[in-house]
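In: Please work out how this folds:
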Amino acid sequence: MSDLRAFFTLVGRDAIFWLGALGLGCLSIFLVAITQPHAPTVGYVDAFILVTLAYPALAGWLAGALILELQNCTFTWVLPGVPRKVSRGFFVFGAITIFIVVGLVTLQDSPYDPIVLGALGLASYCLGANFFDPGKWYGSWIAVLLTLALVFSTNTVGEMAFSHPGSTALVALAAAAFFSHGLMRLSTFRKGPSRLATPLPGAFFLQRSQRLERRKQALLKSSPRGWKLGYLGENPWKWVRAGVHETYGPLTLRVVGKAIASTWVLWLLIGIHAWTEGWSEGKGASFWEAVGKTVFDVLFRSPHVPAFGEKGPYAMVVFVIAALGAMLCLRAPASPNSGVLYPLSRRAFARVAFRGAQVETAIYFLAITFGFLLVGLGAGALLGYETRLDFLPFFMRPLMATMVLLPLLQFGRLRLRSQQRQADQNGFLLVAGGIIGFVTLVSIWTYFAPQIFRTTRVEIVAFLVLLVTSRLLYWVVVKRHFASADLA
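Out: Below you'll find the model as predicted:
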């Protein structure tokens, strides 16, 4: 803790790189969307101020997550001078980010003083670090809402920065001091181990994730009861049911809400597309009407209804469906943890793992199919479209590709969960690479399937044949894996 290595060792991990790259891509898409010439936001969004605020806020979010993780460790607060020493790395990381962002904005002939932009960037960076609020639970919501308010009032901020640069810089520096002080106080570090904090993906060992789940259960006001089976024996279906209960617990509205919330990126892009397309080219459509048309178009791409807009977020539908399948497979398997010893023979454990994989595939298929059908057909009915399903809805194609290819990830999960690699933080790199490759394969399938299969009937038959073949191959591989997995 004597120099900058304490903070930058955390920054150098694979999890930060991949989360930063993903956040940078999503943020860039969002900024491009709301600064288009025909976008309804262009009249009151200052692109120079928006970029100056947005990218430092993303960097602050990552830095705040690292500090929260450090605070959550049991004895961090007793280290001598820990807030002061961590703050050095925190502010150096922010200064590097702000220098790059302000430099690029200045090169684009910005009318603002670079010093004022730097002060605004610093305030945004410290505000973003409080997205994981170290104090009260509502602090993170206040930080997020304040950031959104700044995004849609950048013209006002720009006018103040141009007409009163000195005052604007002082206010921004005061805001930065206020937000950073709350994050770096010794009392905040002291309370860190007693707070329930969600670990940064890939940053915690499996044992710490299990500790988090136990603490969540302990904080529940009531203990839901949904398990009534006694001795399981070697019945594979009973063990699969135990695995489903171990992973999902009783089915509650909270579980359903989390599943819906996991698709927020898709609905955000649908809202942006509806907003921009509904107001462009004289369409004059209301926002909710444009949302309904966008939802129906991107989910179904019906040949009986004209497309809404030039380029809908079809690619995001493919990405969300494939990514949901991958995350369900890797993070919520419907089978007991293969890295834990159970009173099962190797062949019995292989049967349980195989059948659990089929159960999670079925859960995924039914949830996506009924969810998207309900949303898409509901949007079409509200718009007065005739309910017709004499064509293959667009979302079904990436869904079929995901189901055929899921055994690739399911076998990779077996390998990771049954080896010591699960406790290696570099294992996150393998997981991220696997998900990226999986999404790429699903995207390729979705693009080329209409060119390879000339009719819907042929495509469905080919899907069923490939689905059965992939499951048979997976069964062979699973048996071979469990024949010697406990000897590795």
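
In: list the contacts for residue 99?
Out: Contact partners of residue 99, counting by CB atoms under 8 Å, 6 or more residues apart in numbering, are residue 118. Placement of C-beta: from N, CA and C, glycine included.

In: so it is in which element?
Out: helix 82-107 (DSSP states H and E).

In: Name the residues of that helix that are buried.
Out: Judged by neighbour count (16 or more other CB atoms under 10 Å), helix 82-107 contains these buried residues: 82-83, 85-87, 89-91, 93-94, 97-98, 101-102, 105.

In: which sections of the stretch 301-450 of the chain are below the confidence cut-off?
Out: Within the stretch 301-450 of the chain, the segments meeting pLDDT under 70 span 309-313, 331-332, 335-341, 417-432.

In: can you pull out the helices in it?
Out: Using DSSP state H, counting those that start in this stretch, the helices of the stretch 301-450 of the chain run over 314-331, 346-382, 396-417, 427-452.

In: Let me have these in CSV, extended by distance to residue 166 and mean neighbour count.
Out: As requested, those are exported to CSV (distance: least, CB to CB, whole Å; neighbours: other CB atoms under 10 Å):
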stretch, distance to residue 166, mean neighbour count
helix 314-331, 43, 21
helix 346-382, 51, 18
helix 396-417, 54, 22
helix 427-452, 45, 16
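
In: of all those helices, which lies closest to residue 185?
Out: For residue 185, the closest of those is helix 427-452, at 30.4 Å, according to CB to CB.

In: what's the pLDDT at residue 117?
Out: On pLDDT, residue 117 comes in at 92.

In: oh sorry, the question was meant for residue 111
Out: On the pLDDT scale, residue 111 gets 87.

In: ok, it - how many residues close by?
Out: By other CB atoms under 10 Å, the residues close to residue 111 number 9.

In: ok, now residue 391?
Out: When neighbours are defined as other CB under 10 Å, residue 391 has 13 of them.

In: and it, what is it in contact with?
Out: 300, 302, 303, 304, 456.

In: repeat that for 7 Å
Out: 302, 303, 456 (CB atoms under 7 Å, 6 or more residues apart in numbering).

In: Let me know the distance separating it from residue 359.
Out: Look at residue 391 and residue 359: by CB to CB, to the nearest Å, they are 30 Å apart.

In: pretty sure residue 400 contacts residue 462?
Out: No - under the criterion of CB atoms under 7 Å, residue 400 lies out of contact with residue 462, with a separation of 9.3 Å.

In: I figured residue 67 was touching residue 185, is that so?
Out: No - the criterion here is CB under 7 Å, and residue 67 misses it with residue 185 at 11.5 Å.

In: quick one: which of those two has more around it?
Out: The neighbour count for residue 67 versus residue 185, taken as other CB under 10 Å, is higher for residue 67 (25 against 14).

In: pLDDT wise, what is that one at?
Out: Residue 67 carries a pLDDT score of 81 in this model.

In: host element of it?
Out: Per DSSP H and E: residue 67 is located in helix 47-72.

In: name the helices or strands packed onto that helix?
Out: helix 14-34, helix 82-107, helix 114-128, helix 139-151, helix 154-163 (3 or more CB pairs under 7 Å, 6 or more residues apart in numbering; DSSP states H and E).

In: Of those helices, which is nearest residue 354?
Out: Closest among the helices and strands packed on helix 47-72, once you apply CB to CB, is helix 14-34, at 30.2 Å.

In: for the record, mean pLDDT for that closest one?
Out: 73.

In: With just CA atoms, put that helix into CSV.
Out: Only the C-alpha atoms of helix 14-34 are listed here, as CSV (Å, rounded to 0.1, in the frame of the first residue of the first chain):
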residue,chain,number,x,y,z
ASP,A,14,-9.2,-9.1,-17.1
ALA,A,15,-12.6,-8.2,-15.6
ILE,A,16,-11.9,-4.5,-15.8
PHE,A,17,-10.7,-4.7,-19.4
TRP,A,18,-13.7,-6.6,-20.6
LEU,A,19,-16.2,-4.6,-18.6
GLY,A,20,-14.6,-1.4,-19.7
ALA,A,21,-14.6,-2.4,-23.4
LEU,A,22,-18.3,-3.4,-23.1
GLY,A,23,-19.2,-0.2,-21.4
LEU,A,24,-17.2,1.9,-23.9
GLY,A,25,-19.0,0.2,-26.8
CYS,A,26,-22.5,0.7,-25.2
LEU,A,27,-21.8,4.3,-24.3
SER,A,28,-20.5,5.1,-27.7
ILE,A,29,-23.7,3.6,-29.4
PHE,A,30,-25.8,5.7,-27.0
LEU,A,31,-24.0,8.9,-27.7
VAL,A,32,-24.1,8.4,-31.4
ALA,A,33,-27.8,7.7,-31.3
ILE,A,34,-28.8,10.8,-29.3
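
In: Check which helices and strands that helix sits against.
Out: Checking 3+ CB pairs under 7 Å, 6+ apart, helix 14-34 ends up next to helix 47-72, helix 264-279, helix 427-452.
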